[in-house]
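Asker: whatever this is, show me its structure:
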Amino acid sequence: MHTIAAIATPHAAGGIAVIRISGDTAISVAQQCFRSTGGKSLAEMSGYTCAYGSFLDTAGSELDDGIATVFRAPHSYTGEDTVEFSCHGGIFVTRQLLETVYAAGAQPAEAGEFTKRAFLAGKMTLTQAEAVMDVIGAAGKRELAFAHAQQNGALFHRVQQISQGIVRSLGDLAAWADYPEDEIPAVTPESLHAALQPVLEQLDSTLATYDYGRILQSGVSAVIVGKPNVGKSTLFNLLSGSQRSIVTEIAGTTRDTLEEHVSIHGIPLNIIDTAGIRQTEDVVEKIGVRKAIDFAEEADLIIYVVDSSTEMDQNDDDIIRMIQSKKVIVLMNKSDLRPVVSRSDIEKQLQAPIIEISAREETGLDIFEDTLKDMFFAGDIHYNDELCITNVRHKAAIAAALESLKMVMHSIEDGMPEDFFSIDLMDAYEQLGHIIGEAVEDDL
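Answerer: Numbering: from 1, shown residues only. Presented below is the predicted three-dimensional model:
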C-alpha cells in the first residue's frame with residue numbers, strides 16, 4: 001500500500017505536534033525531510049529508536065528541530081514501517097513540515113486510515129478498531145472505562161462467545177442430518193431449546209446495554225420547558241455555569257434555543273433552553289414556541305419548570321399534555337417565595353419526580369442531580385461493568401440476531417421441521433459475524 005502521512009495531534013497551537021508517516025516507503029520518505037544531528041540515517045536505525053535533528057522544508061532549508069522516532073514492521077501501530085516526527089506545535093511549522101512530507105512522496109491519510117491499516121494488518125479486531133474513536137471522544141470516567149473495555153476486546157469476546165453457542169447448535173443439526181449412518185445423538189427440539197435459551201438471554205442482556213451506552217457516548221438530550229417567566233433561563237445558566245441566557249422579568253425574553261454540554265454525576269447532559277410555551281400572536285415568539293415543542297418531542301428528558309408562586313393555567317395544561325409520554329422531572333421553582341401551586345396540583349395531572357427548587361437562591365439542585373442519577377443509572381437502564389454497546393451498527397446486528405434466534409425458539413415451540421431452525425440460526429450467526437468479521441462457513 002502507498003505511504004500515508006497526517007498530523008496525529010490536534011490542529012491547534014501547542015508545545016508539541018506529531019506527524020505520523022506509515023507505509024512501505026515511510027522511512028525513505030521521512031529521511032528526505034530530516035537530518036539527524038549525529039549524521040545517522042533513519043534507514044540505519046532499528047525499531048523503537050529516536051534521533052534528534054532538524055526538519056527540512058521543501059527547499060532543503062532547516063524548518064524546525066525535533067525528534068524522529070522509527071518503528072519497524074510489524075511492530076508498529078499500523079503493522080507497517082512507521083516514522084513519527086515530533087516538532088514544535090506551531091500551526092504554520094507543522095503544516096509546512098507536513099507539506100514537505102507530501103512532497104517527498106507520502107499521500108494524505110484519510111480519516112481513520114492509520115487504524116484501518118492496523119485492523120487490516122491484524123493488529124486489532126474490528127470492534128477494537130471502532131473503540132479507538134470512543135477512547136478519543138470519552139468525556140468522563142465511565143465513557144473511558146467502557147471504551148477501554150471494548151478496546152481490550154470485551155465486545156469481541158462476548159459476541160464470539162454467543163456465536164460459538166449458536167455454531168454448536170448448527171453443527172449438531174448439520175452432523176445429525178448429514179451423517180445418519182454414524183451414531184450421532186439425535187437433536188431433539190427440547191435439547192435444542194435448552195441449548196439456545198442461555199444464548200438468547202446473553203443476546204438480550206447485551207442489547208439492553210445500548211440505551212446506557214448511547215447516553216455515555218452522546219449524552220442525555222435534556223430540554224427545559226415551561227411557560228414564560230418561570231425561571232427556565234436562570235436554571236439553564238445555573239446548570240451550565242455561565243450567563244448564556246438573558247434573564248429579565250419580561251415574559252417571552254427567550255425567543256430562540258440555547259444548548260450547553262455539562263456533566264452531572266458523570267452523566268453527560270446536553271441541556272437546551274427554550275422559549276416559554278404559550279399562546280401568542282407575536283410572529284417571532286411563535287417560531288420560538290414551535291422550536292421548543294419540536295425539541296421536546298425529540299428529547300430524552302424533559303425538565304418541566306413550574307413557577308410555584310403563580311397559579312397554573314391553560315399554558316401549563318397544554319405543556320403537561322405534550323410531555324405525558326416522556327421521561328420528565330418537574331422542578332417547582334421559586335420556592336423562596338410564597339407558594340401558590342402545591343405538589344398535589346401537579347401529581348393529579350403528571351406522574352413524574354417533583355422537586356422544589358429556587359434557581360435564584362440555588363437551592364434544591366442537589367436533589368435534582370440525585371434524581372437524574374437514579375433515573376439514568378438505575379431502574380430501566382441496563383448496563384454492567386464490563387461491556388456497553390455504544391455503536392448503532394453493533395446494536396442493529398445484535399437486534400437482528402436476537403430476532404432470528406427468537407424465530408428459532410418459536411419454530412421449536414410450534415413443532416416446525418429442523419430446516420427452519422438451521423435457516424434462522426445461520427442468519428443469527430451471520431449477523432453477529434458482521435460485528436467481529438467472522439464467516440459462518442469456517443466455524444461450522
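Asker: in terms of helices and strands, where is the closest residue to Tyr77 other than its chain neighbours?
Answerer: Residue nearest to Tyr77 in three dimensions, not counting chain neighbours: Ala118, with 5.7 Å by Cβ to Cβ, 6 or more residues apart in numbering. No exception for glycine: its C-beta is placed from N, CA and C like everyone else's. If you go by DSSP states H and E, Ala118 is part of helix 113-120.
Asker: just the buried residues of that helix, please?
Answerer: Glu113, Phe114, Thr115, Arg117, Ala118, Phe119 (16 or more other Cβ atoms under 10 Å).
Asker: any weak-confidence spans in the stretch 201-350 of the chain?
Answerer: 217, 242-257, 265-266, 279-285 (pLDDT under 70).
Asker: in it, which spans are helices?
Answerer: Along the stretch 201-350 of the chain, counting by DSSP state H, counting those that start in this stretch, helices occupy 210-218, 232-240, 283-298, 314-323, 343-347.
Asker: to His394, which of the ones you listed lies closest?
Answerer: Proximity to His394 (Cβ to Cβ) singles out helix 210-218 among the helices of the stretch 201-350 of the chain, at 8.1 Å.
Asker: pretty sure Ala397 sits against Ile436.
Answerer: No: taking contacts as Cβ atoms under 8 Å, Ala397 lies outside contact range of Ile436: 9.6 Å.
Asker: as CSV, the buried residues of helix 113-120 with pLDDT and distance to Ser335 would be great.
Answerer: Output for those, formatted as CSV (pLDDT from 0 to 100; distance: Cβ to Cβ, whole Å):
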residue, pLDDT, distance to Ser335
Glu113, 94, 56
Phe114, 95, 55
Thr115, 92, 52
Arg117, 94, 59
Ala118, 93, 56
Phe119, 89, 55
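Asker: skipping its backbone neighbours, what lies nearest Asp204 in space?
Answerer: Sequence neighbours aside, Leu402 is the residue nearest to Asp204 in space, at 6.2 Å (criterion: Cβ to Cβ, 6+ apart).
Asker: which helices and strands sit right next to the helix or strand containing the one you found?
Answerer: Using DSSP H and E, Leu402 sits in helix 392-413. On a contact count with 3 or more Cβ pairs under 8 Å, 6 or more residues apart in numbering; DSSP states H and E, helix 392-413 meets helix 154-178, helix 189-207, helix 418-436.
Asker: out of these, which is the most enclosed?
Answerer: Across those, averaging neighbours per residue (mean count of other Cβ atoms under 10 Å) puts helix 418-436 on top, at a mean of 20.
Asker: output the contacting helices and strands for that helix.
Answerer: Using 3+ Cβ pairs under 8 Å, 6+ apart, helix 418-436 sits against helix 126-137, helix 154-178, helix 392-413, helix 440-443.
Asker: any chance of the buried residues of helix 113-120 in TSV with distance to Lys334 as columns?
Answerer: Shown next, in TSV, are these (distance: Cβ to Cβ, whole Å):
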residue	distance to Lys334
Glu113	55
Phe114	55
Thr115	52
Arg117	59
Ala118	56
Phe119	56
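Asker: beta partners of Asn333?
Answerer: Asp307 (DSSP bridges).
Asker: quick one: contacts for it?
Answerer: By Cβ atoms under 8 Å, 6 or more residues apart in numbering, Asn333 lies in contact with Val230, Gly231, Leu235, Val305, Val306, Asp307, Ser308, Ile357, Ser358, Ala359.
Asker: please indicate which of the residues you listed are buried?
Answerer: In those, burial by neighbour count holds for Val230, Gly231, Leu235, Val305, Val306, Asp307, Ser308, Ile357, Ser358, Ala359, counting by 16+ other Cβ under 10 Å.
Asker: return the distance of the residue nearest to the fifth one when sequence neighbours are not counted relative to Leu350.
Answerer: Of all residues not flanking Val306 in the chain, Met332 sits nearest, at 5.2 Å (Cβ to Cβ, 6+ apart). Per Cβ to Cβ, to the nearest Å, Met332 is found 12 Å from Leu350.
Asker: more neighbours, the two?
Answerer: Set Met332 next to Leu350 and count neighbours by other Cβ atoms under 10 Å: Met332 wins out with 24 against 18.
Asker: poorly predicted segments of the stretch 51-200 of the chain, please.
Answerer: Segments of the stretch 51-200 of the chain classed as low confidence (criterion: pLDDT under 70) are 137-143, 176-186.
Asker: at 80 instead, please
Answerer: 131, 133-151, 173-188 (pLDDT under 80).
Asker: for Gly90, find the nearest of the helices and strands packed on helix 392-413.
Answerer: Smallest distance to Gly90 across those (Cβ to Cβ): 39.8 Å, for helix 154-178.
Asker: distance between that closest one and the chain's centre?
Answerer: In terms of Cα atoms, centre = their mean, to the nearest Å, the centre of helix 154-178 is found 29 Å from the chain centre.
Asker: helices or strands next to that helix in the packing?
Answerer: With contacts defined as 3+ Cβ pairs under 8 Å, 6+ apart, the packing partners of helix 154-178 are helix 126-137, helix 189-207, helix 392-413, helix 418-436, helix 440-443.
Asker: go again with 7 Å.
Answerer: Under the contact criterion of 3 or more Cβ pairs under 7 Å, 6 or more residues apart in numbering; DSSP states H and E, helix 154-178 touches helix 126-137, helix 189-207, helix 418-436.
Asker: that helix versus helix 392-413: what angle between them?
Answerer: 30 degrees (axes from the mean of the first three to the mean of the last three Cα atoms, to 10 degrees).
Asker: could you check the angle helix 126-137 makes with helix 154-178?
Answerer: Going by the same axes, to 10 degrees, helix 154-178 makes 160 degrees with helix 126-137.
Asker: ok, now which ones touch Phe368?
Answerer: Residues near Phe368 by Cβ atoms under 7 Å, 6 or more residues apart in numbering: Ile329, Leu331, Ile355, Ile357.
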